[in-house]
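Peer 1: After the sequence you'll find the predicted model.
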Amino acid sequence: MRFDTFSRRGLLVANVVLLALLVGLSVVTPADAQNSSQPAGRARGEYTMVAGRTNSGGSSVIYVLDATNQEVVALKWDQSRLTMSGVGYRSLTGDSKTSPGR
């Protein structure tokens, strides 16, 4: 009986310690997934989606523009995998800094 009481107390203490650790970590770390997963210096985006075609023709694509961060991603539907797959990416900020040439 003494061992059974000791192991119950030990489990109770372990659970209290783990609960306190969980509460402490949830208070210390940011809970906002949008801000915690972003790289430093990246602002929260404002998105617009536009349907269109690629320069090479073929299947339709969706262009997703992030106006805040000045980025465009082209996505197309892959019917065999039933997923969206990335076709291309452009940084509008980088494009605006290059000088036009031949």
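Peer 2: Yep, that arrived. Residues are numbered from 1 along each chain as shown.

Peer 1: Can you pull out the low-pLDDT segments for the protein?
Peer 2: 1-6, 28-40, 57, 102 (pLDDT under 70).

Peer 1: got the residue ranges for the strands in it?
Peer 2: For the chain, the strands defined by DSSP state E occupy 47-53, 60-66, 71-78, 83-91.

Peer 1: and those as CSV, adding mean neighbour count?
Peer 2: For glycine as for every other residue, the C-beta is placed from the backbone atoms N, C-alpha and C. Shown next, in CSV, are the strands of the chain (neighbours: other Cβ atoms under 10 Å):
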stretch, mean neighbour count
strand 47-53, 10
strand 60-66, 16
strand 71-78, 16
strand 83-91, 12
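
Peer 1: Distance to V13 added to the ones you listed, as TSV?
Peer 2: What follows is the strands of the chain, written out as TSV (distance: least, Cβ to Cβ, whole Å):
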stretch	distance to V13
strand 47-53	49
strand 60-66	49
strand 71-78	51
strand 83-91	47
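
Peer 1: right, and these - which one's nearest K97?
Peer 2: Between K97 and these, the shortest separation by Cβ to Cβ is 9.2 Å, and it involves strand 83-91.

Peer 1: Name the strands paired with that closest one and say parallel or antiparallel.
Peer 2: If you go by DSSP bridges, strand 83-91 pairs up with strand 71-78 (antiparallel).

Peer 1: Spell out which residues make up each domain of this structure.
Peer 2: The chain breaks down by automatic domain parsing into domains covering 2-30, 44-97.

Peer 1: For Y89, name its beta-bridge partners.
Peer 2: Taking DSSP bridges as the rule, Y89 bridges to V73.

Peer 1: Next, the nearest residue to D66 once chain neighbours are set aside: phi, psi?
Peer 2: In space, and not counting its chain neighbours, D66 is closest to G45: 4.1 Å by Cβ to Cβ, 6 or more residues apart in numbering. Backbone torsions of G45, given as degrees, to the nearest 10, read phi -80, psi 160.
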